[in-house]
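K.L.:
sequence and predicted structure below; questions after.
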Amino acid sequence: MTMEKPVKISIRHLYKIFGDNPKAALADVLAGMSKSELLAKRQHVLGLSDINIDMRQGETTVIMGLSGSGKSTLIRHFNRLIEPTSGEVLVDGTDVLSLDEGRLRDLRRKTMSMVFQKFALLPHHTVLANAGMAQATQGVPRASWEPEAQRWLERVGLGGYGTRYPHQLSGGMQQRVGIARALTSNSGIMLMDEAFSALDPLIRTDMQDLLIELQRELHKTIIFISHDLDEALKLADHLVILKDGIVVQQGEPQHILLNPSDPYIEAFIGDINRARVLRVRSVMTDDLTSDDIAGQVNADDNLEHVLALSGGDATRRYRVMRGDKPVGTLEMAALIRALVPKRAA
């Protein structure tokens, strides 16, 4: 049994109301007033309502939802770019809302880095200077931060581009500079707000693969905002789905796909290619006694791979392996049932 990783960021009973008198409006919300009623009667907007999320160290938490769901509002509370109306934002057990200006500045410079959708590079600085910006603003001498910035530029595939300027790079290359800048800061937490959504599909896929590769090596605590379900399912260890400022469901992505808690989630995941996303570990049994085994599959193989392997034979049974160790059995009948969405079933 795998031990759970420690909680790095904890959001507790977080509310955000936009308007002239949010505290008074909060009392109405706590008394049961809906978002639409609040807007109609008080002309206040309920941005976030009673958000509770634990984000574990070394994992990627993806917060997703449609436009207006509150996801970008939420991520801006982590480093207090937005002040909440009520609630707690705990980082390593310390409430971010209690920090004075100096400690908050340290949090933003040293504990958290942010990768933006629009790249946010300084056009009059070279690629190398942009990559080293976080350390430079901390007063670290150039002789100290430059080798680190150069190392991360090479790591994200931009070795040799340090003397160029942002306008000389493609969009995907500029976003790589943004990631190198976040990595050069040496912060344990990376906030990524729709970081890849402005990129062309092929470049976006490359950037997702790069992030997965870096995360395997670095084990950062990543908070990634997305409106794209395929992207979320590809990146997330923990998936949080928002609607109208409320957490509708959260958990391990495979579990959400197989156990949608709400009609909204069922509709949300209805068009996903389940064979490409679902993994063998999610539909196998723990039984190791079965015989008549057609072959072996890996616990992290997707179901599309197993379908191809089986040649469409629904009677086959496979031994499931994790490395060299058998961990269960996969029945093709169970695999096929998992491909049928609950709403269709």
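P.N.:
That came through fine. A quick note: this is a predicted structure, and the numbers were derived from the prediction, not measured.
K.L.:
which residues sit against the strand or helix carrying residue 222?
P.N.:
Assigned by DSSP states H and E, residue 222 belongs to strand 221-226. Identification of contacts with strand 221-226 by CB atoms under 8 Å, 6 or more residues apart in numbering yields 8-9, 55-64, 71-72, 74-75, 78, 188-197, 211, 215, 232, 235-236. Yep, even glycine has a C-beta here, placed from its N, CA and C like the rest.
K.L.:
do the same with stretch 143-157
P.N.:
127-128, 131-132, 135-136, 159, 161-162, 176-177, 179-181, 183-184, 186, 210, 214.
K.L.:
partner strands of the strand holding residue 222 and their direction?
P.N.:
Strand 221-226 has its sheet partners listed here by DSSP bridges as strand 60-64 (parallel), strand 189-193 (parallel).
K.L.:
can I get the CA coordinates of the first one in CSV?
P.N.:
C-alpha atoms of strand 60-64 as CSV (Å, rounded to 0.1, in the frame of the first residue of the first chain):
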residue,chain,number,x,y,z
THR,A,60,0.0,17.8,-9.9
THR,A,61,-3.5,19.1,-9.0
VAL,A,62,-5.5,20.2,-12.0
ILE,A,63,-8.4,22.6,-11.3
MET,A,64,-10.7,22.7,-14.3
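K.L.:
just after it, pick out the following helix or strand.
P.N.:
Trace forward from strand 60-64 with DSSP H and E and the next one is helix 71-78.
K.L.:
my guess is residue 166 contacts residue 131. True?
P.N.:
No. If you go by CB atoms under 8 Å, residue 166 and residue 131 don't touch, sitting 11.0 Å apart.
K.L.:
between the two, which has more neighbouring residues?
P.N.:
Just comparing residue 166 and residue 131: by other CB atoms under 10 Å the higher neighbour count belongs to residue 131, 34 against 19.
K.L.:
next one: phi and psi at the more buried one?
P.N.:
phi -60, psi -30 (degrees, to the nearest 10).
K.L.:
run through the strands of the stretch 1-150 of the chain in chain order.
P.N.:
Secondary structure of the stretch 1-150 of the chain (DSSP state E, counting those that start in this stretch): strands located at 7-18, 45-56, 60-64, 86-91, 94-95, 112-115.
K.L.:
redo those as a markdown table? Include mean pLDDT, mean neighbour count and distance to residue 223.
P.N.:
Formatted as a markdown table, the strands of the stretch 1-150 of the chain follow (pLDDT from 0 to 100; neighbours: other CB atoms under 10 Å; distance: least, CB to CB, whole Å):
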| stretch | mean pLDDT | mean neighbour count | distance to residue 223 |
| --- | --- | --- | --- |
| strand 7-18 | 96 | 19 | 7 |
| strand 45-56 | 96 | 20 | 6 |
| strand 60-64 | 95 | 24 | 5 |
| strand 86-91 | 96 | 18 | 11 |
| strand 94-95 | 94 | 13 | 17 |
| strand 112-115 | 86 | 23 | 9 |
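K.L.:
any low-confidence regions in the stretch 1-150 of the chain?
P.N.:
By pLDDT under 70, the low-scoring segments of the stretch 1-150 of the chain are 1-3.
K.L.:
hey, where'd the helices end up in the stretch 201-345 of the chain?
P.N.:
Counting by DSSP state H, counting those that start in this stretch, residue ranges of the helices within the stretch 201-345 of the chain are 201-218, 229-235, 253-258, 263-268, 274-277, 280-283, 303-310, 332-338.
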